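> quick one, what's the 3D model for this:
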Amino acid sequence: MRTQRSSQRPVPAPYALPAGFAMFLAVGTIAAALGGRLGADGVLAACAVITAGLSFVSQPVASVLLAGIGWLTTTGFSRPPYAQLHPTGAAAGRAAIVLAACALAGAGLGLGFRWYARRLTLVSMGTYPGMRSSRPRSLGAASLDETALGGISLRRRLAGAAVGVVVLPGLTAAMAAWRPHLNLADVVLVYLVAVVTITVLGGFWPAVLAAVAASGLLNWYFTAPLHTFNISDPRELLALLLFVTVAVAVSSVVHLAARRAVQAAAAREEAAALLELAQTVLGGADSPTDVLDHLTRTHGGQAELTERAGGRWIRAASSNVAGSLSAARRIDIRDDLTLLVTGQDASASPALLAGYAAQAAAALDRERLRTQAAQAEALAEGNRMRTALLAAVSHDLRTPLASVKASVSSLRQTDVRWSDEDQADFLATIEQNADRLDALIGNLLDMSRLHTGSLQPFLRPTAIDEVAPSALLGLDDNLRLEMAVPDGFPLVLADPGLLERVLANLFSNALRHSPVGQPPELQASLERSREPSLARDAVWLEVVDHGPGVPDSQKAAMFEPFTRLGDRGDRYPGVGLGLAVAKGFAEAMGGQISALDTPGGGLTVRITLPAASEDKSALETGS
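All right, here's what the predicted structure looks like:
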């Protein structure tokens, strides 16, 4: 691929011209050294081959200068005395025709060959790796011309040409006035300094034109015979040829150094832009939309990431796109993913756009992997829940069912007469185990609603002193629970049914761990809002027990499903769902639940809910 791309691009003139001039000097030197054994036809043939070959591989504009220097070499080294320029005569005219024809033929064949080679290669040839554009020359900012590759701007070229037009005639007039005090070497060096200055300012082509113009002025004003283009002294012709060659070579070096500096600055800016993009992605903004937003924010324009699905292209992500990007440039990332961009500034080079395209594709893949991982985690969590459920309820369901069945079977026996007390015991056992089954199944159904997301609370102002007594129904009649809810306590914004289930589970847990003689308590207090911008105060409902308590390291784990901490035997059996259901219902109503230590020992579970009214007639803050 590298060879095919290089065959489609001509050799730049800054490379071709110095090489051609050096070859022409070598031909003249060889002709002079052979002393006539290489005749005029041989010199012309050698110069014609060099002109045609370099015109074929280089830019077409270089063929004009190649033909000109080849003509100077042919006319100066065709016959003895060598190195004397005779621009008139039949030999000079024939050399001009032959070399001009060779230059035109070489340039034309080179253009045709490169055009044909482009047609035989893939669409991606000639573009940056990883980019295939259906409109490879549609945007001027992305076209691979000399300026885009780091050349001198048009303004600097015009400035260099203007300086040459002003400086060269002035220098010529000054040196012509001082001709008796100067030799040819001094004049050549002065012109060379002027050409180098023009190169630094305007680049290669103004310097080449200045070198050609300076060589003409040097020939006309400073070589004998004066005011003619003939050169009688071989040393002066050699000096003229060396001046043109050195001037063009130095111009090429300076121009290429300037281009490399511009290219290095552009590469540094690209690297900085890619580093900023990488830092943005590593910082968490790693979605495809974030990558495209960074592109449009940094380089302007519009960007859209499209994906082939179901035989047509659909939009996967976009930035600053209102409609469709039909006239945009396409950057094919892979067969089913394409980045469309338009309107970017000149700093968005093909390499930089390719980097953005790769990052957008990687971000899209990461986003989908995260989605798949979340789905897999949800499935795994469901499997863990089902496994734990089966393991937990296998005993807790079977035990009360066995007790109920045994009691019912005993009552139905006809060969045994049971006393009234025995029948009452059997019925009490049936009722107690039925209550256990009811509580267990209720918690299982509540947990199922929480995990499936089907819970839709209906929030409305609710009185605590009406809900709390209902939560005590179904608990052990032999146990007591003290409630401290002041008269006139503000209503809370909650779902009464869910709040009842929350308190019932917390009461059951507190009764289970409270020692005899120290019943659990329900305390209600109002927490005023400390932020003036907040419209609601908060209500704290605290279920306090004086049992063994829970270590700080396990306070968060106690609200997880199927977690039982500190249960004392099978007096109060369960599967560890009560606190998990309470936490889920409290959060579904917009509240919070937390575990604290009870002063003097024990556990306090606090529910925080928003207050729904401002009736605080019988309650002081924090009471």
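
> name the SS class of Thr608, please.
Here Thr608 is strand, with the state taken from DSSP: H, G, I helix; E, B strand; the rest coil.

> what about it, neighbour count?
17 (other CB atoms under 10 Å). Just so you know, the C-beta spots here come from the backbone N, C-alpha and C atoms, and that holds for glycine as well.

> just to check, it is in contact with Asp537?
No - with contacts counted by CB atoms under 8 Å, Thr608 stays clear of Asp537, the gap being 10.8 Å.

> just for the stretch 351-500 of the chain, where's the confidence low?
Counting by pLDDT under 70, the stretch 351-500 of the chain contains low-confidence ranges at 382, 384-397, 439-440, 443-444, 446-455, 474-480.

> all helices for it, in order.
420-452, 464-471, 496-513 (DSSP state H, counting those that start in this stretch).

> just put those in JSON lines and tack on distance to Pro599.
Converted to JSON lines, those look like this (distance: least, CB to CB, whole Å):
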{"stretch": "helix 420-452", "distance to Pro599": "30"}
{"stretch": "helix 464-471", "distance to Pro599": "22"}
{"stretch": "helix 496-513", "distance to Pro599": "16"}
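
> how about TSV for the ones you listed, with mean neighbour count and distance to Thr399 added?
Listed next are the helices of the stretch 351-500 of the chain as TSV, based on neighbours: other CB atoms under 10 Å; distance: least, CB to CB, whole Å:
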stretch	mean neighbour count	distance to Thr399
helix 420-452	15	8
helix 464-471	18	25
helix 496-513	23	17
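
> out of these, nearest to Glu270?
helix 420-452 (49.7 Å; CB to CB).

> related to what we said a few turns ago, now do the shared contacts for Thr608 and Asp537.
Glu527 (CB atoms under 8 Å, 6 or more residues apart in numbering).

> on that earlier part again, mind checking which of the helices of the stretch 351-500 of the chain is nearest Gly488?
helix 464-471 (9.9 Å).

> domain assignment for this protein?
1-129, 145-283, 285-374, 393-449, 456-610 (automatic domain parsing).

> out of the ones you listed, which gets nearest to Ala380?
Per CB to CB, nearest to Ala380 of those: domain 285-374, 10.1 Å.

> which element follows the helix or strand harbouring Val581 toward the C-terminus?
Assigned by DSSP states H and E, Val581 falls within helix 578-588. Using DSSP H and E, the helix or strand that follows helix 578-588 in sequence is strand 592-597.

> how many neighbouring residues does Lys583 have?
24.

> how close does the closest residue to it other than its chain neighbours sit to Val253?
Of all residues not flanking Lys583 in the chain, Phe559 sits nearest, at 4.3 Å (CB to CB, 6 or more residues apart in numbering). Distance, Phe559 to Val253, by CB to CB, to the nearest Å: 76 Å.

> more neighbours, those two?
Phe559 (19 against 15).

> so the more buried one touches Gly578, yeah?
No - using CB under 8 Å as the test, Phe559 is too far from Gly578 to be in contact (9.9 Å).

> so how far is the helix or strand harbouring Thr29 from its chain's centroid?
Assigned by DSSP H and E, Thr29 belongs to helix 13-34. Computed by CA atoms, centre = their mean, to the nearest Å, the separation of helix 13-34 from the middle of its chain amounts to 52 Å.

> point out where the stretch 501-623 of the chain drops to low pLDDT.
In the stretch 501-623 of the chain (pLDDT under 70), the answer is 529-536, 562-576, 613-623.
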